[in-house]
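Fold the following for me, if possible:
(6 chains)
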There are 6 protein chains.
Amino acid sequence: MSDSVKAFRKGREKMNDRILSTGNLGIKRFFGLDSRAYEPGALDARTKELLGLVASAVLRCDDCITYHMVRCVEEELSDEEILEALNIALIVGGSIVIPHLRRAVASLDELRAEA
Amino acid sequence: MSDSVKAFRKGREKMNDRILSTGNLGIKRFFGLDSRAYEPGALDARTKELLGLVASAVLRCDDCITYHMVRCVEEELSDEEILEALNIALIVGGSIVIPHLRRAVASLDELRAEA
Amino acid sequence: MSDSVKAFRKGREKMNDRILSTGNLGIKRFFGLDSRAYEPGALDARTKELLGLVASAVLRCDDCITYHMVRCVEEELSDEEILEALNIALIVGGSIVIPHLRRAVASLDELRAEA
Amino acid sequence: MSDSVKAFRKGREKMNDRILSTGNLGIKRFFGLDSRAYEPGALDARTKELLGLVASAVLRCDDCITYHMVRCVEEELSDEEILEALNIALIVGGSIVIPHLRRAVASLDELRAEA
Amino acid sequence: MSDSVKAFRKGREKMNDRILSTGNLGIKRFFGLDSRAYEPGALDARTKELLGLVASAVLRCDDCITYHMVRCVEEELSDEEILEALNIALIVGGSIVIPHLRRAVASLDELRAEA
Amino acid sequence: MSDSVKAFRKGREKMNDRILSTGNLGIKRFFGLDSRAYEPGALDARTKELLGLVASAVLRCDDCITYHMVRCVEEELSDEEILEALNIALIVGGSIVIPHLRRAVASLDELRAEA
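Next up is the predicted model:
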């Protein structure tokens, strides 16, 4: 149903490198700001990754959801915590979120199987 | 261009079952409300499926469009009726809807050929 | 909570006239296509206005909702029919639609009081 | 710049009551599911309100932002925590979020002044 | 119909100062990147402001439209050029853009009258 | 990562022909207006294609991005010009645009290799 998480990670890394090689300074700095936004501060990394996951889900971006799902698993969030966050995304964003929810849970299952 | 309608139906059923198996009550109840919204009431099922189709098209969700297209065909809406609804989606949502319109018509053709 | 329907109608008419006076032919033709999309054809005007209402609601455009609400009342749709259509918009679009639902029902009440 | 928080709360309560009085069962049940999604479970109420705030911000719904800002203040989140969540919304959603960020901070200031 | 351009400018400046005073470094840096994106480079400032205007219009953000309209007028773009750009936004984004088009042209008229 | 540009062009042409064969006049006229919006007028074709590219990127439509990327290359825009336009899309639309940026640059690379 979705690209496998492995294929996503490989394609993401390859094209991010390609984009950073173009020399466009604005894009490079944006990528830096993007990384820093999820570093622990007043909020811890776990909470920030859930925020990234829910923002990605309501905006319906599969690649962004996969990226934050990988990070949520790395931060050792439980299935129950992740599903409660996705339930908020579903309520806020509506049934239009459901196809992305299906792919999100498939990615989560794939990540759990990988471990 | 799009996943075939058959593959969509199979993947949808499989992952919906998986999601309902997680035990998250909020998501389960949302799925129930979603189904009930399209049951006949003051408006008949035909009109409600067209509403679902147009809402899905302007929000540009291919899986949602495919789902409601299947239902529109089951409710025996004609090609002319479906195309007039899709034209409203195109006017409201703009040219950004066109790629989804292409996939919607491909799904409709596939459903008519299947019959 | 919302601009009154009367103020909306006046402002809409004034600025549409202003835009058509600019001489941009593309915009003028778009306005024509927009009007024609809601004329009765294979689908009747009642159904088309409901489609316009739901598309406007899931895309969360208050002015568009008000416009189609006026037309729905002109087409003699009942409160029950309008609310079932808005319920579909709520399910598809999620809780983010609720503030617009509040303003939509306020407009409907204003239109019923006016009659 | 924004409606005051007080006016928002009053208008919200009034129109929610009006909507619930219509007798549309689907809408009523959706309102119930919406409330329950933010109740503490595997995630605590603080985290859930931040998720609601960020989802509202990236979807650019001022009323939804105001609602969750009120709740974030009730849950005793600090300015630093709220701003880090809003920074994630800004990075994910882009500069298009900035006008809503301006109104969000104005609401936060109003809520702090009220206390 | 819209806040006057003057009121927009004043409110924007006041709240931007307030936001920058919070000490959140991520938001501050984002504001810097945002400004730099429109500085002349391989593309001139005129083209970049039109890009900002069209992006704002299809994403339906009135404050963002007003901001870029002010800049388009400062860059001495003609009404015809601005309207052709807005026509592209209308075609891409659909009739849902029309209420914002009305407010955009009202802002343009206000800016021309001011000069 | 994305469908190749060649496959996109072939699928687009085939389904556009199919849609135009349905006899729905509204859709046919919309397609005509869409084409005319990018013809040179007060703004030249190069600028209009960049406007189409940025509008498509912030609305996150891969097929629309590919279409305008093909046209930008035909109009002999340089990589630097295209990247500065995409940087504006990234700033306006946020990190949610990044997966589309990856596919946009992959399409650009494919088009340059083809030449």
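
CA atoms for contacts and neighbours, from now on please.
Fine.

Assign the residue of chain A positioned farthest from its centre to helix, strand or coil.
Most distant residue from the mean C-alpha position of chain A: A:Gly23, 25.9 Å away (C-alpha atoms, centre = their mean). Secondary structure state of A:Gly23, per DSSP: H, G, I helix; E, B strand; the rest coil, is coil.

For it, give me the pLDDT.
Per-residue confidence (pLDDT) for A:Gly23: 95.

Over to it: give its phi and psi.
The phi/psi pair for A:Gly23 (degrees, to the nearest 10) reads phi 90, psi 0.

which residues touch the residue nearest to the spatial centre of chain A?
Centroid-nearest residue in chain A, with C-alpha atoms, centre = their mean: A:His68, separated by 2.2 Å. By C-alpha atoms under 8 Å, 6 or more residues apart in numbering or on different chains, A:His68 lies in contact with A:Glu49, A:Leu50, A:Gly52, A:Leu53.

any chance you could map the helices in chain A?
Taking DSSP state H to define them, one finds helices in chain A at A:5-20, A:25-37, A:45-58, A:62-74, A:79-93, A:98-114.

out of those, which comes closest to D:Ala85?
helix A:45-58 (7.3 Å; C-alpha to C-alpha).

Any part of that closest one near chain E?
No: figure legend: helix A:45-58 not in contact with chain E (C-alpha under 8 Å from any C-alpha of the partner chain); closest approach 13.8 Å.

contacts for that helix?
Under the criterion C-alpha under 8 Å, 6+ apart, residues A:38-40, A:62, A:64-65, A:68-69, A:71-72, A:75, A:77, A:82, A:85-86, A:88-90, A:92-93, A:97, A:100-101, D:47, D:50-51, D:54-55, D:58-59, D:85, D:88-89, D:92, F:96 lie in contact with helix A:45-58.

again, only this time at 7 Å
Helix A:45-58 has contacts (C-alpha atoms under 7 Å, 6 or more residues apart in numbering or on different chains) with A:38-39, A:64-65, A:68-69, A:71-72, A:75, A:85-86, A:89, A:93, A:97, A:100, D:47, D:51, D:54-55, D:58.

Next: stretch A:83-91.
With C-alpha under 7 Å, 6+ apart, stretch A:83-91 has contacts from A:Leu50, A:Val54, A:Ala57, A:Val58, A:Val97, B:Asn24, B:Gly26, B:Ile27, C:Gly94, C:Ser95, D:Asp34, D:Ala37.

Please tabulate those in a markdown table and include neighbour count and distance to E:Ala113 as additional columns.
Formatted as a markdown table, these follow (neighbours: other C-alpha atoms under 10 Å in any protein chain shown; distance: C-alpha to C-alpha, whole Å):
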| residue | neighbour count | distance to E:Ala113 |
| --- | --- | --- |
| A:Leu50 | 25 | 49 |
| A:Val54 | 29 | 45 |
| A:Ala57 | 29 | 44 |
| A:Val58 | 29 | 41 |
| A:Val97 | 25 | 46 |
| B:Asn24 | 16 | 58 |
| B:Gly26 | 20 | 55 |
| B:Ile27 | 23 | 54 |
| C:Gly94 | 24 | 42 |
| C:Ser95 | 25 | 41 |
| D:Asp34 | 20 | 47 |
| D:Ala37 | 25 | 50 |
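
As TSV, the residues you listed with distance to A:Ala113 would be great.
Converted to TSV, the contacts of stretch A:83-91 look like this (distance: C-alpha to C-alpha, whole Å):
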residue	distance to A:Ala113
A:Leu50	21
A:Val54	23
A:Ala57	22
A:Val58	26
A:Val97	24
B:Asn24	20
B:Gly26	25
B:Ile27	23
C:Gly94	32
C:Ser95	34
D:Asp34	32
D:Ala37	28
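
Relative to chain E, which of those residues is nearest.
A:Val58 (15.7 Å; C-alpha to the nearest C-alpha).

what stretches of chain A score poorly on pLDDT?
For chain A, applying pLDDT under 70 flags the ranges A:1-3.

Could you rerun that using 50?
Applying pLDDT under 50 to chain A flags residues A:1-2.

Close to chain F: what parts of it are there?
Residues of chain A lying near chain F by C-alpha under 7 Å from any C-alpha of the partner chain: A:Gly11, A:Met15, A:Asn16, A:Asn24, A:Gly26, A:Ile27, A:Cys61, A:Asp63, A:Cys64.

just to revisit the earlier point, JSON lines please, covering the helices of chain A and showing distance to E:Lys6.
Formatted as JSON lines, the helices of chain A follow (distance: least, C-alpha to C-alpha, whole Å):
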{"stretch": "helix A:5-20", "distance to E:Lys6": "40"}
{"stretch": "helix A:25-37", "distance to E:Lys6": "30"}
{"stretch": "helix A:45-58", "distance to E:Lys6": "33"}
{"stretch": "helix A:62-74", "distance to E:Lys6": "39"}
{"stretch": "helix A:79-93", "distance to E:Lys6": "35"}
{"stretch": "helix A:98-114", "distance to E:Lys6": "42"}
